[in-house]
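Q: Any chance you could fold what I've pasted below:
(2 chains)
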Amino acid sequence: MQVVNFTPWSALAGGLLIGASAVVLLWFNGRIAGISNILGGLLPPRRGDAAWRVLFLGGLVAGGAVAQALGSGPPQGREGLSPWLLALGGLLVGFGVSLGSGCTSGHGVCGLGRLSARSLAAVAVFLATGIITTTFVRHFAGVA
Amino acid sequence: MSRLVSLLAGMVFGLGLGISGMTDPNKVLGFLDVTGAWDPSLMLVLGGAVGVTALSFRLVLRSTAPLLGGSFSLPDRRQVDLPLLAGAALFGAGWGLSGYCPGPGVALLANVSWETWVFIPSLLAGMLLHRVLGGARDRASSALSARPGQ
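A: Sure thing, here's the model as predicted:
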């Protein structure tokens, strides 16, 4: 194993901001900052429950755009990446977070913060299958 | 007021994702690719975020209600069950394949890159597919249990 591109300070700073956002949302509004559940709660939107979700997601898009503008610009697109592979990835992510009740933010940032056993199990499993899939795709299938 | 908090929390979250490097799928895959040239940065993203939530959630949840009223909406399930594990496994596979999870996917929607405009609609389709299949299964089991003499 060889360590490359390690950016500890920006990673830590970004992580602290993400944690702070989750704390504010829970402290003021009583809501968990789990992106897949915030998004999934809009399918379909329900009266009285949609506005905060739309505003949070809108803020997420704006914050992401500001970070790109301040920083190194948008991430480099991947050459030769198949749109079908990306679509399959999206489908698996959508189905998986819906079945498993959360993603990196809901189970990772918030669930681990609540010391939830369910979230700890989910994080262990998705990190494991993520590592296995990336390793397989990169080193055996040679796709991405 | 609570809507303003939602907007601001979303902005800070998006800013954090961008600054940390989570919005760069190359960086995410560089983290998941532990046997290759490995980029450990994302451990610090998750570590930093969980450090903050683990210290603060405990204090926040000591109060009986959120600052702006209402009640805390927390998951009430406790059991580690098959849907949780299977869902996490599928999510991880999709994450490792694409380099995107839902947060960065949404945070990149203002970006010129086409990638997240393929990823997010596919993600929504996956969510809907699970709802449809889950709904069909629930209907089947309630039809079974509604049968006389069951």
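Q: could you give the mean pLDDT of stretch B:34-45?
A: When pLDDT is averaged along stretch B:34-45, the result is 94.
Q: Tell me how chain A divides into domains.
A: Per automatic domain parsing, the structural domains of chain A span A:1-76, A:78-144.
Q: could I get the ones you listed as a markdown table with mean neighbour count?
A: Where you see a C-beta, it was placed from the backbone N, CA and C, and this is true even at glycine. Shown next, in a markdown table, are the domains of chain A (neighbours: other Cβ atoms under 10 Å in any protein chain shown):
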| stretch | mean neighbour count |
| --- | --- |
| domain A:1-76 | 19 |
| domain A:78-144 | 21 |
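Q: now those in JSON lines, with distance to chain B?
A: Output for the domains of chain A, formatted as JSON lines (distance: least, Cβ to the nearest Cβ, whole Å):
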{"stretch": "domain A:1-76", "distance to chain B": "2"}
{"stretch": "domain A:78-144", "distance to chain B": "2"}
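Q: Columns mean pLDDT on top of these, output as a markdown table?
A: As requested, the domains of chain A are exported to a markdown table (pLDDT from 0 to 100):
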| stretch | mean pLDDT |
| --- | --- |
| domain A:1-76 | 93 |
| domain A:78-144 | 93 |
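Q: Quick one: closest of the ones you listed to B:Gln79.
A: domain A:78-144 (7.3 Å; Cβ to Cβ).
Q: Pull the distance from the closest one to the chain's centre.
A: A distance of 9 Å separates the centroid of the chain from that of domain A:78-144, by Cα atoms, centre = their mean, to the nearest Å.
Q: and B:Ala89, what helix or strand is that in?
A: Secondary-structure element containing B:Ala89, defined by DSSP states H and E: helix B:82-98.
Q: Report whether that helix contacts chain A.
A: Yes. Legend: contact between helix B:82-98 and chain A by Cβ under 8 Å from any Cβ of the partner chain is shown at B:83-98.
Q: Show the buried residues in those.
A: B:84-85, B:87-98 (16 or more other Cβ atoms under 10 Å in any protein chain shown).
Q: Can you list phi and psi of B:Ala37 for me?
A: phi -80, psi 110 (degrees, to the nearest 10).
Q: Tell me if I'm right that it and A:Val4 touch.
A: Yes. Under the criterion of Cβ atoms under 8 Å, B:Ala37 makes contact with A:Val4 at 4.3 Å.
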